[in-house]
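Enquirer: Build the 3D model from these lines:
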Amino acid sequence: MNDWPAEATYIRFRNVRKGYRIGGEAISIFDNLDLDIPRGDFVAVMGPSGSGKSTLLNMLAGVESPDAGEIAIGAARLDLLGESARSAWRAHKMGIVFQSYNLLPMLTAAENVELPLLLKPVSAKERRIRVGKVLDLVGLAGRERQYPGLMSGGQQQRVGIARAIAADPDLLLCDEPTGDLDRKSADDVLAILRFLNRELGKTIVMVTHDPQAARHARRTLHLDKGRFVEEREAA
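Expert: Now for the predicted structure:
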């Protein structure tokens, strides 16, 4: 694998092209897309449906590969890694927060949070300590044994965030993390993300349709027809 120097821009797209074939029609999503995100940034990505937001997240997560171009996160060139190597990289370097929480209903909050730690050489005692710490960080201390079905949407999303950070990843990808929440719960979740970015130095890329959610980020990038057309710095 070709590595970029660690001091380079943390996330870097260069001349990235991506398209799909639907029926007999070729549809271009990205055509020579460039992107630079420094380590420790918090970026909100906005844009209409079909602009490429989900494809961008999938390529950042290593779930999809570009048709051409270079994608680097830290020292890893994702476009040069095979599927199994990307999966291993994803398990150790990133956490993902989903709109629909993606919690397993038959597991308690603590058991859901523990899942990514099972992929690491961590003892059962250390797993319990880490799970307790991250649940406390998201304001759910004392709810370790509660099942998702007995929690509000905001509480479930907090469990989702705790699970995403349990293995202490460098990067958090958030896919509409407040899309199913009321305003109060959404603001609570965004306050946690802002804390993770500003106090713990996590790099966060958040796709959202909500302008109020985007205001919590340091920058907002607008995608339209596969291109970034506007960038707004946070106040």
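
Enquirer: Now do the helices in the chain.
Expert: 53-60, 83-93, 109-114, 124-137, 153-165, 183-198, 211-214 (DSSP state H).

Enquirer: Now those helices in JSON lines, please, with extra columns for distance to Arg39 and mean neighbour count.
Expert: For every residue, glycine as well, the C-beta is placed using N, CA and C. Shown next, in JSON lines, are the helices of the chain (distance: least, C-beta to C-beta, whole Å; neighbours: other C-beta atoms under 10 Å):
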{"stretch": "helix 53-60", "distance to Arg39": "14", "mean neighbour count": "21"}
{"stretch": "helix 83-93", "distance to Arg39": "12", "mean neighbour count": "15"}
{"stretch": "helix 109-114", "distance to Arg39": "25", "mean neighbour count": "23"}
{"stretch": "helix 124-137", "distance to Arg39": "21", "mean neighbour count": "16"}
{"stretch": "helix 153-165", "distance to Arg39": "16", "mean neighbour count": "24"}
{"stretch": "helix 183-198", "distance to Arg39": "11", "mean neighbour count": "17"}
{"stretch": "helix 211-214", "distance to Arg39": "21", "mean neighbour count": "17"}
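
Enquirer: for those, which one sits closest to Ala44?
Expert: Closest of those to Ala44 is helix 211-214, at 3.8 Å (criterion: C-beta to C-beta).

Enquirer: Which of the helices of the chain has the lowest mean pLDDT?
Expert: Confidence, taken as mean pLDDT, is least for helix 83-93 of those (a mean of 89).

Enquirer: Show me how far it is from its chain's centre.
Expert: 14 Å (C-alpha atoms, centre = their mean, to the nearest Å).

Enquirer: Extract the CA atoms of it and return them as PDB.
Expert: Only the C-alpha atoms of helix 83-93 are listed here, as PDB (Å, rounded to 0.1, in the frame of the first residue of the first chain):
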ATOM      1  CA  GLU A  83     -12.300  -5.200   0.500                       C
ATOM      2  CA  SER A  84     -11.000  -7.200   3.500                       C
ATOM      3  CA  ALA A  85      -8.300  -4.600   4.200                       C
ATOM      4  CA  ARG A  86     -10.800  -1.800   4.000                       C
ATOM      5  CA  SER A  87     -13.100  -3.700   6.400                       C
ATOM      6  CA  ALA A  88     -10.200  -4.200   8.900                       C
ATOM      7  CA  TRP A  89      -9.200  -0.500   8.600                       C
ATOM      8  CA  ARG A  90     -12.800   0.600   9.200                       C
ATOM      9  CA  ALA A  91     -13.100  -1.500  12.300                       C
ATOM     10  CA  HIS A  92     -10.000   0.100  13.900                       C
ATOM     11  CA  LYS A  93     -10.000   3.700  12.600                       C
END
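
Enquirer: what's next to it, contact-wise?
Expert: Contact with helix 83-93 is made by 1, 61-63, 73-74, 76, 78, 81, 116, 119-120, 167, 169-171, as judged by C-beta atoms under 8 Å, 6 or more residues apart in numbering.

Enquirer: got the angle for it vs helix 53-60?
Expert: For helix 83-93 against helix 53-60, the angle by axes from the mean of the first three to the mean of the last three C-alpha atoms, to 10 degrees is 90 degrees.

Enquirer: coming back round to it: from the contacts of helix 83-93, which land in strands?
Expert: Judged by DSSP state E, the subset of those located in strands is Ile73, Ala76, Leu171.

Enquirer: okay, who's weakest in those by pLDDT?
Expert: Lowest pLDDT among these: Ala76, 92.
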